[in-house]
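Novice: I'll drop the sequence and a predicted model, then ask my questions.
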Amino acid sequence: MHTILQVQNLQTQFRTYDGLVYAVNGISYSLNEGETLGVVGESGCGKSVSVLSIMGLIPQPPGIIAGGQALYHGSDLLKKSQDELRHIRGKEIAMVFQDPMTSLNPVLTIGFQISESLQLHMAMNAEQAQQRAIELLEMVGIPQADRALHNYPHQFSGGMRQRAMIAMAISCMPQILIADEPTTALDVTIQAQITDLVKRLREEIGMAIIWITHDLGIIAGLAHRVIVMYAGFIVEHAGVDGVYDNPRHPYTVSLLGALPRVDMSREERLVSIPGMPPNLIGLPKGCPFAPRCTFVVEKCRQENPPLTPVEPNHEIACWVDVRTGGLR
Amino acid sequence: MATTSEALPGTVEDTLATREPLTPTQLTWRRFRRHKMAMFGLFLIVLLIVYAVGGSFVFSEEYANTTDRTLTGGLLHGPSLQHPFGTDPTGRDLLARTIYGGQISLLIGLAAVLVSLVVGVTIGALSGYYGGWVDSILMRFTEAMLNIPQLFLLIVAAKYLGDKVHNFEAFGREFSGSVIVIIVIIGFDSWMYLARIVRSQFLSLKEQEFVTAARCTGTSNLAIIAYHILPNSVAPVIVNATLGVANAILTEAYISFLGLGVRQPTATWGNMLENANRYLETAPWMWFFPGTLILITVLAINFVGDGLRDALDPRTMVE
């Protein structure tokens, strides 16, 4: 399989009044053609920042891309000018955001917002773009697309807005779709509809997807590979089966353990990971998860473990073997 | 997908099908219509425009600018059947002069606001959107302009530029070049608050997710400014601009009253007041009619501005 995106040692930091915030700390991963990569982790662990960095959408200042590469078809996105990036964004790499309530412009019609990128990237005139926008809206399952075109976002429900956002994102048939928690703001039935929709579009367009979420359930049915992030580090990277059936990092184990289950009694249903994610202003010396980890040993506090393979296609950043509790 | 496309229509299709969606403009108009004073103000403004524009079909400009030779016993006459608003010391008909003066006063009000809109919105938008040193420079310039006392600047500018522009013809009548000068100097002296308002709007709007989404689709900065952010900040701009028209008319009246405004024989309500200056007690009709017209205009515009403020305020959202 052909690799279309290769991120290497990406580091993103933010300058704040309190000090330098280490948001993303040297993460590396690759994305193959047509593949879906899930990125999971709790709030503030650098999921969104890592993809926004790739897209050149981190405001600088206060953001700093401190290092790394993001090779898209072999050329480094991080070195491109905003002008060069404009021709890639929306056309080859598109993005769907978390909250469809705020990511559509309230004063512009749905039609205008969809046809804008068509006119920009596909050299269509207004009429062609309108036609194409209707097709796109039908593709994402919006009824009476020709009328919906003239609607404003406030006339759409949350699910329909997210469909419209997806229509905007796929309008130019991108090679990579970055979905930044696209179902977080939606209720469960709509979540299922949206994931189904994305799966179908993935088949039709053949695009690769980076799907960011903190909902492990969604990723299970959607992704081929999964990255688990914590405090700006990748702590586990494996095929989707590896992560769910055989989690090897204590954080992944805890995350999976924290999933509420209906078949448990009320008292034991909701398990949480004690403590809070670390403050990213100045990183701790050892493993960032050590203060919350149940498997912690002395070495964890001294040295941050690098990402190393434990099995074929399965890497973790941990000194401990969670199956035995001893050092691995 | 069968399940999804079936699940949606029940909830959504109803709202789409049962009534035509209202655009934001329609919603605003609905709310505006409910504002009684604003509707009254709008009615007055329409009346004033009919007065100033329609009146010119009844009286010619020549009539407004020439002495009535049939007058006997002095040229300064009070209101009569022949001259309903009376005449001035040179025997010109004041009714016709308020009509032609009204055209100029309203024109100055609108055009000056247009100038200040262009300058203010441009400076505010660039400043708020780009931030950083662009913002610093533009805002320091804005503050510098605010620090100059407006009236002095206007007087000095009017004095030195007043006769630099030649007379010109437009809409079938000749305009004194000083009209242009007054428009430009009022416009360039009243954009500062507008720029600050636009800047503050841009500062908050550019952080909105839909702006990131627009950047994400590869939209250029200028397109984001013009199509994505500006329409979102149009409400305070419209209100401010409306009230600005009233201010510009008043400012023109000040300058003309000081004899530095639009030059005779072109009439404006302002320079008609200046003429009346020496006859405040002996010929009250000379200041009463232009003064009342200014008063009505400014009041009406302010009513409309208030109505627009309420109608455009998202917090007063009512169906």
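Specialist: Perfect, thanks for sending it.
Novice: how far away is the closest residue to chain B within the stretch 201-328 of chain A from A:H73?
Specialist: At 10.1 Å from chain B, A:L201 is the closest residue in the stretch 201-328 of chain A, using Cβ to the nearest Cβ. Where C-beta positions appear, they are placed from N, C-alpha and C, glycine not excepted. Going from A:L201 to A:H73 by Cβ to Cβ, to the nearest Å gives 21 Å.
Novice: Looking at the two, which is more packed in?
Specialist: Neighbour totals were compared for A:L201 and A:H73, and A:L201 leads with 20 against 13 (other Cβ atoms under 10 Å in any protein chain shown).
Novice: Surely that one is within a helix?
Specialist: Yes: A:L201: assigned to a helix according to DSSP: H, G, I helix; E, B strand; the rest coil.
Novice: Which residue ranges of the stretch 101-250 of chain B form strands?
Specialist: For the stretch 101-250 of chain B, the strands defined by DSSP state E, counting those that start in this stretch occupy B:168-170, B:173-175.
Novice: burial of the residue in chain A that chain B sits nearest to, as a residue count?
Specialist: At 3.5 Å from chain B, A:G90 is the closest residue in chain A, using Cβ to the nearest Cβ. Per other Cβ under 10 Å, the neighbour tally for A:G90 reads 28.
Novice: Show me which residues of the stretch 1-150 of chain A sit near chain B.
Specialist: A:55, A:57, A:85-91, A:94-95, A:97-99, A:102-108, A:116-117, A:120-121, A:141-144, A:147-148, A:150 (Cβ under 8 Å from any Cβ of the partner chain).
Novice: 6 Å instead?
Specialist: A:86, A:89-90, A:95, A:97, A:102-105, A:107, A:117, A:120, A:141, A:143-144, A:147 (Cβ under 6 Å from any Cβ of the partner chain).
Novice: Narrow the residues you listed to those in strands?
Specialist: Of the positions in the residues of the stretch 1-150 of chain A next to chain B, A:M95 sit in strands, assigned by DSSP state E.
Novice: for the residue nearest in space to the middle of chain B, what are its contacts?
Specialist: When Cα atoms, centre = their mean is applied to chain B, the residue found nearest the centroid is B:V245 (2.5 Å). B:V245 makes contacts with B:109, B:113, B:301, as judged by Cβ atoms under 6 Å, 6 or more residues apart in numbering or on different chains.
Novice: What of B:K164?
Specialist: No contacts exist for B:K164 under Cβ under 6 Å, 6+ apart.
Novice: redo that, cut-off 8 Å
Specialist: B:177, B:181 (Cβ atoms under 8 Å, 6 or more residues apart in numbering or on different chains).
Novice: do the same with B:I155
Specialist: B:255, B:258, B:260.
Novice: Now with 6 Å, please.
Specialist: Taking Cβ under 6 Å, 6+ apart, one finds B:L260 in contact with B:I155.
Novice: next helix or strand past the lowest-mean-pLDDT helix or strand in chain A?
Specialist: Least confident element among the helices and strands of chain A, by mean pLDDT, DSSP states H and E: helix A:266-269 (a mean of 68). On the C-terminal side of helix A:266-269, the closest following helix or strand by DSSP states H and E is helix A:298-302.
Novice: what's residue 125 in contact with, if anything?
Specialist: I went with chain A, as the question did not name one. By Cβ under 6 Å, 6+ apart, A:N125 has no neighbours at all.
Novice: Chain B is the one I meant
Specialist: Neighbours of B:A125 in contact, by Cβ under 6 Å, 6+ apart: B:198, B:202, B:225.
Novice: could you redo the last one with a cut-off of 8 Å?
Specialist: Contacts for B:A125 (Cβ under 8 Å, 6+ apart) come out as B:198-199, B:202, B:225, B:229-230.
Novice: mind checking how far the closest residue to B:A267 other than its chain neighbours is from chain A?
Specialist: Of all residues not flanking B:A267 in the chain, B:G101 sits nearest, at 3.7 Å (Cβ to Cβ, 6 or more residues apart in numbering or on different chains). Separation of B:G101 from chain A (Cβ to the nearest Cβ, to the nearest Å): 39 Å.
Novice: Who are the contact partners of B:G101?
Specialist: Residues near B:G101 by Cβ under 8 Å, 6+ apart: B:267-269, B:271-272, B:290.
Novice: Which among these count as buried?
Specialist: Buried members of the contacts of B:G101, counted by 16 or more other Cβ atoms under 10 Å in any protein chain shown: B:267-269, B:271-272, B:290.
Novice: Looking at the residues you listed, which are in helices?
Specialist: B:269, B:271-272, B:290 (DSSP state H).
Novice: Contacting chain A as well, which ones from those residues?
Specialist: Applying Cβ under 8 Å from any Cβ, the subset of those adjacent to chain A is empty.
Novice: Just put the residues you listed in CSV and tack on pLDDT.
Specialist: As requested, those are arranged in CSV below (pLDDT from 0 to 100):
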residue, pLDDT
B:W269, 87
B:N271, 83
B:M272, 85
B:P290, 87
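Novice: Low-confidence ranges, the stretch 151-300 of chain A, go.
Specialist: A:266-269 (pLDDT under 70).
Novice: ok, and what's touching stretch A:289-299?
Specialist: A:230-231, A:235, A:250-251, A:254, A:273-276, A:278, A:284, A:286-287, A:300-301, A:318-320, A:322, A:325, A:327.
Novice: pLDDT at A:H314, what is it?
Specialist: A:H314 carries a pLDDT value of 87.
Novice: And for the one 4 residues further on?
Specialist: Turning to A:C318, the model gives it a pLDDT of 85.
Novice: so it makes contact with A:H249?
Specialist: Yes: using Cβ atoms under 8 Å, A:C318 makes contact with A:H249 at a distance of 5.1 Å.
Novice: The helix or strand of chain B with the lowest mean pLDDT: what's the following helix or strand?
Specialist: Least confident helix or strand, chain B: helix B:2-18 with a mean of 45, by mean pLDDT, DSSP H and E. Sequence order places helix B:24-33 as the next helix or strand after helix B:2-18, per DSSP H and E.
Novice: Export that next one to PDB, keeping only CA atoms.
Specialist: Presented in PDB, the C-alpha positions along helix B:24-33 are these (Å, rounded to 0.1, in the frame of the first residue of the first chain):
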ATOM      1  CA  PRO B  24     -31.900  37.000   8.100                       C
ATOM      2  CA  THR B  25     -32.900  40.200   6.200                       C
ATOM      3  CA  GLN B  26     -36.600  39.200   6.300                       C
ATOM      4  CA  LEU B  27     -36.400  38.500  10.000                       C
ATOM      5  CA  THR B  28     -34.800  41.900  10.600                       C
ATOM      6  CA  TRP B  29     -37.500  43.600   8.600                       C
ATOM      7  CA  ARG B  30     -40.200  41.900  10.600                       C
ATOM      8  CA  ARG B  31     -38.700  43.100  13.900                       C
ATOM      9  CA  PHE B  32     -38.100  46.500  12.500                       C
ATOM     10  CA  ARG B  33     -41.700  46.900  11.400                       C
END
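Novice: if we can go back for a sec, filter the contacts of B:V245 down to just the ones in helices.
Specialist: Reading helices off those with DSSP H, I get B:109, B:113, B:301.
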